[in-house]
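J.: starting from these lines, generate the structure:
(2 chains)
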Amino acid sequence: MAKKPNLAVDTRPWRDPAAKPFVRIRNVTKRFGDVAAVSDVSLDIYRSELFCLLGGSGSGKSTLLRMLAGFEIPTSGTIEIDGQDMTQVAPYNRPVNMMFQSYALFPHMNVEQNIAYGLKRDGLGKEEIAARVAELLTLVKLQDYGARKPHQLSGGQRQRVALARALAKRPKLLLLDEPLGALDKKLREETQFELVKIQETLGVTFIVVTHDQEEAMSLATRIGVMNQGEIAMIGEPTDIYEFPNSKFVAGFIGSVNMVEGVVTEDEPGHVRIRSTELGCDIYVGHGVDCAPDQTLWWAIRPEKMMLSRDKPEGLNGANVTHGMVEDIGYLGDMSVYQVLLDSGKRLRVTQTNTVRGNPDSISWDEPVYVTWNDTSGSVLTV
Amino acid sequence: MRRGWFLPITAALGFSFLYAPIISMVVFSFNENRLVTVWSGFSTKWYGELFNDPQMLGAAWLSLQIAAISATIALVLGTLAAVALVRFRSFRGRTLFSGMVSAPMVMPDVITGLSMLLLFVAMESLLGWPAGRGMLTIVIAHSTFAMAYICVVVQSRLSDFDRSVEEAAMDLGASPLRTFFDITLPIIAPALVSGWLLGFTLSLDDLVIASFVSGPGSSTLPMVIFSKVKLGVSPDVNALATIIVGIVATGVIIATAIQLRNRPRKARR
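T.: I've put the predicted structure just below:
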């Protein structure tokens, strides 16, 4: 689900340089022996954000989350939560709760006791605990399951108990480690909505670790893409997808066609890149920080390209290339075309199936032209 | 598929090989005759005689005490060793430690018993403790070898223990000690119970080590039975064995019942 468009600036505090971050991670490094699981990560997260840490396995995202929870102490650097230095504080003294990937429900306690555990540690009165537990069970729609043991619940129900337990102490910050990882696809999509709804209702700051880019895109206010212990890019989902800052981010999120090229024209208003790989020139309608004759990369999403039988006009003699349809993947809502260019490079182009059962659609082994707009691709230098 | 006769017959042979001696022993414990091999009528007199035999009763009581104490000591030590081995994956000498912990399991009892005896004798002359051999030395000896078995039992339970459950408790505000008593202990409790029972049984069962390290006036039940049998099998030994078999069978039935009740839980997982 897309985040509401046109949010006011005050709901996007990261765009305001004067805003005070809620969680401040500064130059944090974590080494296990000689291996740096997290190296020199600095990250600001604002109040009521739903921040996703996205990365493959071994990218350091879970280690970073565990340092926020207090299960790991950074080798160097500091972690501040709500203005207080938390770097060395033990997990049981942090105003932070975590929802574990395995849910980590206490197997010998029933649902109510699981949820009440944190409240009991806080020394709350019996009645207050009971009221809070009932409130949380309603929140996660498990009113009738309070007396069940974890093993009597389905995966989705366990996930909700884990969420309720983590929310019970009304933490300022909730950490979620792959919260939807163990659910099947359909349940995951439903739960995504609920998670966002709960987060918006309670206004708690969420930091979610995930390896699932779709999940990150649909949940997050902002995403931090991690690679080999470092933050590769931080941005809103649209930034990450449409304006990746590196080859890694472009390739990691969604699918992309990436070609190498040489700058032939470098003007403030446009750039021309000659790409033998693509078999044509690329005309980019905005200035790029580069030098003439510099080798760089150009990336474009499959849905930003168009196929046609007739030669399109192109743009200043660029942005048109020719090839043959090698393969078509029909997905219902759209079709994925694999086009073998005359240069030998393969492009992936998706076209929305707007006409029902179109008999005139482009077919296998047909020669086609591929074209795109001057603002559709991203020029990448790293 | 047609059921063959092969399987039932082999099963019957196998079970009779295992249980025929026990059944004959139970039957002959109710024999009236003084000669164990000659049946002359039903009687429970040997049970009565057994309960009037102070030597036998004293030995049984001693054995139970030793078994309970040494199982408890071994449980504490074995659990600590298991925690060290599972939780602290890499410390200096871990492999050596793990090997040494399990060594008493493969060591022949005779050697364990002999070395224990030598140790106790040397300690007595050097330190003056333990003074003489008796219940204390048997408890120490039984604790050491039962510890090895308990360590293995607890270790296997701890290794499939999801550590994030403990982390979750700490995350919710429980100190490490609190976490241990609230979370860890209840979860590994079944392993501790079965470990303790194992230690108890091993101690009750042991003849060889006890023979080495016991002193005058501290004969355990197996030792008394063994010495009696050397003078010829007497029917009251049959009666005693029948009582023990009865207790063990009851224990096994209860344990199985508990396991069966918990089975649906495991199947779901």
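J.: and the helices in the chain?
T.: As the question left the chain open, I've gone with chain A. Using DSSP state H, the helices assigned to chain A run over residues A:61-69, A:111-121, A:126-139, A:155-167, A:185-202, A:213-219, A:237-242, A:247-252.
J.: the chain in question should be chain B.
T.: B:6-29, B:45-51, B:54-87, B:94-106, B:109-127, B:135-159, B:163-171, B:176-179, B:185-205, B:208-213, B:221-230, B:235-268.
J.: who wins for proximity to A:Ala318 among these?
T.: If you check each of these against A:Ala318 by CB to CB, helix B:163-171 wins as the nearest, at 54.6 Å. (Each C-beta comes from the backbone N, C-alpha and C, glycine too.)
J.: from the chain's centre, how far out does that closest one sit?
T.: Offset of helix B:163-171 from its chain centre (CA atoms, centre = their mean, to the nearest Å): 33 Å.
J.: residue contacts, the most centrally placed residue in chain B?
T.: In chain B, the centroid-proximal residue (CA atoms, centre = their mean) is B:Thr201; its distance is 2.0 Å. Shown in contact with B:Thr201 (CB atoms under 8 Å, 6 or more residues apart in numbering or on different chains): B:Ala67.
J.: nearest to chain B, out of the helices of chain A?
T.: helix A:111-121 (3.4 Å; CB to the nearest CB).
J.: is the closest one positioned near chain B?
T.: Yes: under the criterion of CB under 8 Å from any CB of the partner chain, chain B is reached by helix A:111-121 at A:Tyr117, A:Gly118, A:Arg121.
J.: the lowest-mean-pLDDT helix or strand in chain B packs against which elements?
T.: Least confident helix or strand, chain B: helix B:235-268 with a mean of 75, by mean pLDDT, DSSP states H and E. Counting contacts by 3 or more CB pairs under 8 Å, 6 or more residues apart in numbering or on different chains; DSSP states H and E, helix B:235-268 is packed against helix B:6-29, helix B:45-51, helix B:54-87, helix B:221-230.
J.: what's the most buried one of these?
T.: Most buried of these, by mean neighbour count (mean count of other CB atoms under 10 Å in any protein chain shown): helix B:54-87, with a mean of 19.
J.: now that helix, how far from the chain's geometric center?
T.: The answer for helix B:54-87 is 8 Å, by CA atoms, centre = their mean.
J.: enumerate the residues of the stretch 101-250 of chain B near chain A.
T.: Residues of the stretch 101-250 of chain B found near chain A (CB under 8 Å from any CB) are B:162, B:164-165, B:167-175, B:178, B:182-183, B:186-187.
J.: and if we set it to 6 Å?
T.: Taking CB under 6 Å from any CB of the partner chain as the contact definition, the stretch 101-250 of chain B meets chain A at B:Asp162, B:Ser164, B:Val165, B:Glu167, B:Ala168, B:Met170, B:Asp171, B:Leu172, B:Gly173, B:Ala174, B:Ser175, B:Pro186.
J.: drop anything exposed from the residues you listed.
T.: The neighbour-count test (16 or more other CB atoms under 10 Å in any protein chain shown) marks B:Ser164, B:Val165, B:Glu167, B:Ala168, B:Met170, B:Asp171, B:Leu172, B:Gly173, B:Ala174 as buried among these.
J.: which residue does the stretch 151-300 of chain A bring closest to chain B?
T.: Closest point on the stretch 151-300 of chain A to chain B, by CB to the nearest CB, is A:His151, at 5.0 Å.
J.: bridging residues for the closest residue to B:Phe30 other than its chain neighbours?
T.: The spatially closest residue to B:Phe30, leaving aside those adjacent along the chain, is B:Phe42, at 5.4 Å (CB to CB, 6 or more residues apart in numbering or on different chains). Beta-bridge partners for B:Phe42, by DSSP bridges, are B:Asn31.
J.: and B:Phe42, how close does it get to B:Asn31?
T.: When distance is defined by CB to CB, to the nearest Å, B:Phe42 is 8 Å away from B:Asn31.
J.: on that earlier part again, okay, the residues of helix A:111-121 next to chain B in JSON lines with distance to B:Phe51, neighbour count and pLDDT next?
T.: Formatted as JSON lines, these follow (distance: CB to CB, whole Å; neighbours: other CB atoms under 10 Å in any protein chain shown; pLDDT from 0 to 100):
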{"residue": "A:Tyr117", "distance to B:Phe51": "51", "neighbour count": "22", "pLDDT": "96"}
{"residue": "A:Gly118", "distance to B:Phe51": "56", "neighbour count": "26", "pLDDT": "95"}
{"residue": "A:Arg121", "distance to B:Phe51": "54", "neighbour count": "18", "pLDDT": "93"}
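J.: sorry, back to before: which one of the helices and strands packed on helix B:235-268 lies nearest to A:Thr221?
T.: Taking these one by one with CB to CB, helix B:54-87 is closest: 38.4 Å.
J.: distance of the residue of the stretch 151-300 of chain A closest to chain B from B:Ala174?
T.: 22 Å.
J.: now swap in B:Arg92 and tell me
T.: B:Arg92 is 31 Å from B:Ala174, by CB to CB.
J.: run a quick neighbour tally on the nearest residue to B:Val26 once chain neighbours are set aside.
T.: Nearest residue to B:Val26, sequence neighbours excluded (CB to CB, 6+ apart): B:Thr242, at 4.9 Å. Neighbour count for B:Thr242, taken as other CB atoms under 10 Å in any protein chain shown: 20.
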